[in-house]
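>>> the sequence and its predicted three-dimensional model are supplied below.
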Amino acid sequence: MYMSPNTTGRIIREKIGHPGNRSVVTIGPAGERLIPYACATVDRTRHFGRTGLGAVLGSKNVKGFAIIGDQPISLESNTNYKQYRRVFREIYKKTTETNLMAKYHVLGTAAGILPLNALKSLPTKNFAESYFEEAENISGEYFASELLGKRVACGGCPIGCIHLAILRERWEKGTVADIHSIAVSYDYELIYALGSNLKIGNAKDILKLIEAIEKEGMDAISTGVVLAWLAEAYERNLISPKDTEGELIRFGRVDDFLSIIGKISKATEESELYYTASKGVEALVEKYGGNDFGIRVAKLEPAGYRTGYYAIMGFLVGGRHSHLDNAGYSLDQKVLNKPITFEQGMNSLMNEEEWRNVLNSMVICLFARGVYDMNTTIQALESLKINRTDEDY
Ligand code: SF4
């Protein structure tokens, strides 16, 4: 029997009965079935989303695990405590008292929907368009004012950028109509992949799609791009109602997409279309064609930026295949006002990637990358007697 990531997480939490610092990582049916874009869910609201960590865990028969931290971390005896406290205070102050992190707390990454739409860079209708006329209704501002229930944070973080919307749904219990509420975490990438890219202009409908994908334990970005390919292939008659087993798959129709998410996650070889869809856009194109609208970069369905060449180059060369490796989408926006040569652009991408690898090695949150500039990083390491200079970088 398949089990959702959150049900598995609840069982693990009940079993370990440890209320303190702990994190639970789980996979869903997609991970059990080794779907290449299965994700690993962390504490219900965060995900190792991209490139199939859920399938890796599934292949090892790991349904979930908990990490418990109940011991203090002792510093080395030669730690420079005075410097350590000073650097710690500086980092804390930059994090909580400057504007560096404010946007992540207030609207979260969903703040990017309207600016990217204004730049005509918001992927819409399977990337065929870059402007969504209903963007206002799915913006970070709309979610925050109409649907936001609460913000939560990763352990120990003072920011709290995880935005949880409350989805209230009516359900029938016996003969009595009742309401139940679910907290659904949302982000820019999910809103693009399940909103504008599918032409869904209703915020609650996006939450329904996120929740359906959450239950299956699939990467929401890849799933959204797969759904968009299916809708375009259906629109162009590349796939027929026989292929879809009678399902309609149309842009802008949330119920169409809700009907097929579970079919993709649990498809067997007999369900040829959904089974192929469970392998990703590359597999769909290989089997059915539609190469010119099969959106993938180096076989991976991309994050939500139609900003320009550097976003694409960044996806291509990024060490983890992630938009966060070097933020080409950000460079595209910077060069709008200050053009540079292609060589300068690629150098800039590579420098960004190298520095992010340094930061990733220190396990910082990449949202806080503005806090950890070179000088702060060197001083933080120095307080632990790890001596580095900018020349080491
Ligand atoms: S650690 Fe990063 S992702 Fe987690 S709440 Fe803080 S800012 Fe957000």
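Structure's in. What do you need?
>>> please enumerate the helices of the stretch 101-250 of the chain.
Per DSSP state H, counting those that start in this stretch, the stretch 101-250 of the chain carries helices over the ranges 102-106, 113-118, 140-146, 188-194, 203-216, 220-235.
>>> repeat for the stretch 251-393 of the chain
254-265, 272-277, 281-288, 309-317, 328-334, 342-361, 374-383.
>>> and the pLDDT for the closest residue in space to Gln333 that isn't next to it in sequence?
Excluding its sequence neighbours, the residue lying closest to Gln333 (Cβ to Cβ, 6 or more residues apart in numbering) is Thr307, at 6.0 Å. C-beta: built from backbone N, CA, C; applies to glycine. For Thr307, the pLDDT comes out at 97.
>>> one step back: and the helices of the stretch 251-393 of the chain: which comes nearest the ligand?
helix 342-361 (12.2 Å; Cβ to the nearest ligand atom).
>>> avg pLDDT for that closest one?
Mean predicted confidence for helix 342-361 is 94.
>>> OK, now which residue of the stretch 201-350 of the chain is nearest to the ligand?
Counting by Cβ to the nearest ligand atom, the stretch 201-350 of the chain gets nearest the ligand through Leu324, at 11.4 Å.
>>> which residues sit in contact with that residue?
318, 356, 366 (Cβ atoms under 8 Å, 6 or more residues apart in numbering).
>>> how about a markdown table for the residues you listed, with distance to Thr7 and neighbour count added?
Listed next are the contacts of Leu324 as a markdown table, based on distance: Cβ to Cβ, whole Å; neighbours: other Cβ atoms under 10 Å:
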| residue | distance to Thr7 | neighbour count |
| --- | --- | --- |
| Gly318 | 33 | 21 |
| Arg356 | 35 | 21 |
| Leu366 | 30 | 13 |
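>>> Ala40: which of those residues is nearest?
Distance to Ala40, by Cβ to Cβ, is smallest for Leu366 among those, at 17.6 Å.
>>> how near is the residue nearest to the closest one when sequence neighbours are not counted to Lys63?
Spatial nearest neighbour of Leu366, excluding adjacent residues (Cβ to Cβ, 6+ apart): Leu324 at 5.5 Å. Note on Leu324: its distance to Lys63, by Cβ to Cβ, to the nearest Å, is 27 Å.
>>> still on that earlier bit, adding distance to Cys39, write the helices of the stretch 251-393 of the chain out as JSON lines.
Below are those laid out as JSON lines (distance: least, Cβ to Cβ, whole Å):
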{"stretch": "helix 254-265", "distance to Cys39": "11"}
{"stretch": "helix 272-277", "distance to Cys39": "16"}
{"stretch": "helix 281-288", "distance to Cys39": "17"}
{"stretch": "helix 309-317", "distance to Cys39": "18"}
{"stretch": "helix 328-334", "distance to Cys39": "21"}
{"stretch": "helix 342-361", "distance to Cys39": "19"}
{"stretch": "helix 374-383", "distance to Cys39": "30"}
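>>> so which of the ones you listed comes closest to Ala220?
Nearest to Ala220 among those is helix 254-265; the distance by Cβ to Cβ comes to 10.3 Å.
>>> distance between stretch 284-292 and the chain's centre?
In terms of Cα atoms, centre = their mean, to the nearest Å, the centre of stretch 284-292 is found 25 Å from the chain centre.
>>> for it, how far is the first residue from the last?
One end of stretch 284-292 to the other measures 12 Å (Cα to Cα, to the nearest Å).
>>> now distance to Gly370, mean pLDDT and mean neighbour count too, for the helices of the stretch 101-250 of the chain, in CSV please.
Formatted as CSV, these follow (distance: least, Cβ to Cβ, whole Å; pLDDT from 0 to 100; neighbours: other Cβ atoms under 10 Å):
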stretch, distance to Gly370, mean pLDDT, mean neighbour count
helix 102-106, 10, 91, 15
helix 113-118, 17, 98, 19
helix 140-146, 19, 97, 17
helix 188-194, 17, 98, 27
helix 203-216, 28, 97, 23
helix 220-235, 24, 98, 26
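>>> okay if I get those helices as TSV plus distance to the ligand?
TSV is the format used below for these (distance: least, Cβ to the nearest ligand atom, whole Å):
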stretch	distance to the ligand
helix 102-106	5
helix 113-118	18
helix 140-146	14
helix 188-194	13
helix 203-216	17
helix 220-235	16
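>>> who wins for proximity to Ile68 among those helices?
Closest approach to Ile68 among the helices of the stretch 101-250 of the chain (Cβ to Cβ): helix 203-216, 24.1 Å.
>>> orientation of the closest one relative to helix 220-235 in degrees?
Calculated by axes from the mean of the first three to the mean of the last three Cα atoms, to 10 degrees, helix 203-216 forms an angle of 110 degrees with helix 220-235.
>>> now do helix 203-216: which elements does it pack against?
helix 5-16, helix 29-32, helix 140-146, strand 162-173, strand 176-186, helix 188-194, helix 220-235, helix 254-265 (3 or more Cβ pairs under 8 Å, 6 or more residues apart in numbering; DSSP states H and E).
>>> so which bits of this protein are right by the ligand?
Those residues of the chain that sit near the ligand, judged by Cβ under 6 Å from any ligand atom, are 104, 153-154, 157, 159-162, 365, 367-368.
>>> make it 8 Å
When proximity is defined as Cβ under 8 Å from any ligand atom, the chain approaches the ligand at 46, 101, 104, 152-154, 156-162, 365-368.
>>> any weak-confidence spans in the chain?
171-177 (pLDDT under 70).
>>> can you rerun that using 90?
Judged against pLDDT under 90, the low-scoring parts of the chain cover residues 1-2, 17-22, 69-81, 103, 154-157, 168-181, 319-324, 384-386, 390-393.
>>> can you give me the distance of Leu148 to Gln333?
To Gln333, Leu148 is 26 Å away according to Cβ to Cβ.
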